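How does the following fold in three dimensions:
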Amino acid sequence: MTIFDWVLRGRHHGNAHRTVTPERIAEIRAAVERDGRWERHHEWRISTVTSTLIERSGELGHRTFRVRVSCDYVLEARCPTISRACEIACAYEKIIQQLWQEHGWASWAAKTQFEPDANAV
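A predicted model of the protein is given here:
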């Protein structure tokens, strides 16, 4: 199963914890209209926090909102609407967790090795 199959599977199985609700979209919309941005920090493992940001990009048209999700990995996109930005943010949060499960953190030398060997390239 590819990472994209995993993301889409979660979408069809209705995992309420990872679904963007109309209430969440309204919360994000209100924050972006009021402050120009919405940000959340979610701890999903002990001392493992994913930061999600949706903000106005300063660009017009189809790139109006910038989405950035980070937790060692950093994924970013530009979206035309807040609803689309929410969908992409949710997918990115899932992708980061799947990357960690399958490959470990990007900053690690290998999936099960924190520091690189002295002769590593």
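
Okay, residue 108 and residue 44: tell me how far apart.
For residue 108, the distance to residue 44 equals 18 Å [CB to CB, to the nearest Å]. Every residue, glycine included, has its C-beta placed from N, CA and C.

How about residue 78?
Separation of residue 78 from residue 44 (CB to CB): 25 Å.

Settle it for me: which of these two has more neighbours?
residue 78 (16 against 13; other CB atoms under 10 Å).

Nearest residue to the more buried one in space, ignoring adjacent ones along the chain?
residue 63 (3.7 Å; CB to CB, 6 or more residues apart in numbering).

Quick one: the helices in the chain, in order.
3-12, 22-35, 82-103 (DSSP state H).

in the chain, what spans have low per-residue confidence?
Applying pLDDT under 70 to the chain flags residues 1-18.

The same query, at a cut-off of 90, please.
1-20, 44-45, 47, 58-63, 104-121 (pLDDT under 90).

My guess is residue 43 contacts residue 49. True?
Yes - with contact defined as CB atoms under 8 Å, residue 43 reaches residue 49; the gap is 4.9 Å.

ok, so what distance separates residue 26 from residue 97?
For residue 26, the distance to residue 97 - CB to CB - is 25 Å.

oh, I was asking about residue 86
17 Å.

cool, and residue 65?
23 Å.

try residue 74
Taking CB to CB, one finds residue 74 at 14 Å from residue 97.

Who has more neighbours out of these two?
residue 97 (18 against 12).

For that one, which non-adjacent residue is spatially closest?
residue 44 (6.7 Å).

my guess is that neighbour meets residue 52, correct?
No - checked against CB under 8 Å, the pair residue 44 and residue 52 is beyond contact range at 11.4 Å.

if we can go back for a sec, just say which of the helices of the chain is most tucked in.
Comparing the helices of the chain by mean neighbour count (mean count of other CB atoms under 10 Å), helix 82-103 ranks first with a mean of 19.

name the helices or strands packed onto it?
helix 3-12, helix 22-35, strand 48-56, strand 65-71, strand 73-79 (3 or more CB pairs under 8 Å, 6 or more residues apart in numbering; DSSP states H and E).
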